[in-house]
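# dropping the sequence and predicted coords here.
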Amino acid sequence: MIDKRVQDPTRAVADIHDGATVMIGGFGEAGSPIELIHALIDHGARGLTVISNNTGSGEVGLAALLKAQRVAKVVCSFPRTANSTVFPELYRQGKVELELVPQGTLAERIRAGGAGVPAFYTPAAVGTPLAEGKESRLFDGKEYLLERWLRADFALIKGRRADRFGNVVYNKTARNFGPIMAMAAGVTIVQVNTVVEPGGIDPESVVTPGIFVDRVVEVATPLHESELVAAGATYP
């Protein structure tokens with residue numbers, strides 16, 4: 001079987017090209033693959049479309065990718081949180097496009113992309129500005145909007161442990177968008193604290209099977225976004 005281990009984050013993201021669509025896991029700090037994002041900044045790809053729950057905090061991780069002006073468009077649910085200052089300023093300046101998506105709809109659009117379902121109907125956003133331009137239908141007297149799947153060229157996600165075949169387990173709720181993003185991307189890159197030999201993970205505990213993972217990078221002591229933000233850190 002294929003050994004999916006990659007030596008470091010730099011090599012893992014080396015083929016992400018200009019204009020790529022990249023899903024980035026995380027719910028705020030939980031599950032944010034900071035080392036992979038920083039490697040992507042160093043790599044230099046531009047004009048990216050990023051699909052994520054939010055737009056990062058401070059000037060590290062996803063916020064740093066935005067600050068470097070490598071992102072042309074963001075598809076997310078929470079473009080502004082307590083410590084997100086980079087995206088709002090770029091958006092006001094017209095330097096980045098935003099597609100705002102309700103969180104449940106975001107998750108289902110990604111899941112649909114992985115499942116091969118091109119579109120589905122949902123009542124979320126009916127009667128709001130987000131419904132403008134979207135097809136709608138009545139089902140049992142209730143209005144629903146047609147939403148299209150989301151797929152990506154690459155997904156960057158964070159797990160807790162993986163084996164060299166790419167089977168992944170997560171740290172509790174830090175899994176969040178990771179499993180569905182892994183299914184919806186052409187190339188899935190996972191950073192984990194520990195890579196073990198086959199058999200080192202109970203098969204019943206595997207959340208993301210290796211068939212959905214292309215590269216695994218071991219980052220034994222990953223950075224924590226909240227600590228970096230509190231320290232006023234920036235990247236690069």
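Nice, thanks for sending it over. Numbers count the residues shown, from 1 in each chain.
# mind checking pLDDT for Leu66?
Per-residue confidence at Leu66 stands at 98 (pLDDT).
# could you check how far the most far-flung residue of the chain relative to its centre is from Leu130?
Using C-alpha atoms, centre = their mean, the residue of the chain lying farthest from its centre is Gly141. It sits 35.6 Å away. In this view, Gly141 and Leu130 are 22 Å apart by C-beta to C-beta, to the nearest Å. All C-beta atoms are positioned from the backbone trio N, CA, C, and that covers glycine.
# what's the closest non-adjacent residue to Val22?
Once flanking residues are discounted, Val22 sits nearest to Phe154: 4.8 Å by C-beta to C-beta, 6 or more residues apart in numbering.
# that neighbour belongs to a strand?
Yes: looking at Phe154 with DSSP: H, G, I helix; E, B strand; the rest coil, it is inside a strand.
# thinking it is in contact with Ala20, fair?
Yes: here Phe154 lies in contact with Ala20, judged by C-beta atoms under 8 Å, at a distance of 5.9 Å.
# where does this structure have low pLDDT?
Within the chain, the set of residues satisfying pLDDT under 70 comprises 1.
# for it, what spans make up the strands?
5-6, 21-24, 48-51, 71-76, 97-100, 119-122, 136-139, 142-148, 152-158, 161-163, 168-169, 185-192, 194-196, 215-218 (DSSP state E).
# which residues touch the second one?
Translated: strand 21-24. 16, 32-33, 37, 40, 48-52, 62, 110, 150-157, 177, 181, 184-185 (C-beta atoms under 8 Å, 6 or more residues apart in numbering).
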